[in-house]
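In: Mind folding the following:
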Amino acid sequence: MPTIDHAPSARDKRVQLLHFLLPAHDWVPNHPRFPVLLYRQALAPSTPDLGTAFETRLNANGWPAQWRDGIFDYHHYHSTAHEALAVFQGRAELILGGPGGDVLAVETGDLLVLPAGTGHCLKSASEDFQVVGAYPQGQDWDICRSAPTAAQRAAIHAVPRPAQDPLDGSEGPLSVLWRP
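Out: Take a look at the predicted model:
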């Protein structure tokens, strides 16, 4: 996985950004152009009421927070929306890319951005693991658990690139790394 040391904003210089493109794998399409983004310590784990702090940041940047919960323990992807998962409590290992895919550890303060089509599944988690789920304004998510149809593949390609990075708005790395 490529790593970029990047301070997404002047507010917080300790954020590390990882990004990687996942090829189609097994029955999971993954996204053909947009890489997965992982902001390590997007917000400080010690931030009071971290869940609300993430919701406020996501909402301000055009990624309305829609739920708080864990992550499904079965492989799935979304064909109609990109997804941001903000870890506000606990830690977990996720499988990205589909069955047999890459295992990625996330913990309190991390923000994971999954482009449409990206397979993900909870492998293991601490008992207190919780995330905020958010999607770009105007995008409605679905849950896909099998190989994509031609219509789903077309939908994945048609999901528009978000106007802003979920962490840092128009100045964030998504605008550079998710080029049309």
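In: So what touches whichever helix or strand residue 85 is part of?
Out: Using DSSP states H and E, residue 85 falls within strand 83-89. Residues outside strand 83-89 that contact it (CB atoms under 8 Å, 6 or more residues apart in numbering): 42-43, 50-51, 53-55, 58, 63, 65, 68, 71, 106-114, 118, 128-135, 141, 166. For every residue, glycine as well, the C-beta is placed using N, CA and C.
In: Tell me which of the residues you listed fall in helices.
Out: The helices, defined by DSSP state H, take in 50-51, 53-55, 58 from the contacts of strand 83-89.
In: Switch those over to JSON lines; also include distance to residue 173, pLDDT and neighbour count.
Out: Below are the ones in helices among the contacts of strand 83-89 laid out as JSON lines (distance: CB to CB, whole Å; pLDDT from 0 to 100; neighbours: other CB atoms under 10 Å):
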{"residue": "50", "distance to residue 173": "21", "pLDDT": "98", "neighbour count": "20"}
{"residue": "51", "distance to residue 173": "23", "pLDDT": "98", "neighbour count": "17"}
{"residue": "53", "distance to residue 173": "20", "pLDDT": "98", "neighbour count": "18"}
{"residue": "54", "distance to residue 173": "18", "pLDDT": "98", "neighbour count": "28"}
{"residue": "55", "distance to residue 173": "21", "pLDDT": "98", "neighbour count": "20"}
{"residue": "58", "distance to residue 173": "16", "pLDDT": "98", "neighbour count": "23"}
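In: any idea how far the most far-flung residue of the chain relative to its centre is from residue 37?
Out: Outermost residue of the chain with respect to the C-alpha centroid, by CA atoms, centre = their mean, is residue 150; its distance is 24.0 Å. Applying CB to CB, to the nearest Å, the value for residue 150 to residue 37 is 28 Å.
In: With residue 154 instead?
Out: 24 Å.
In: More neighbours: these two, which one.
Out: Neighbour count, other CB atoms under 10 Å: between residue 154 and residue 37, residue 37 has more, with 26 against 11.
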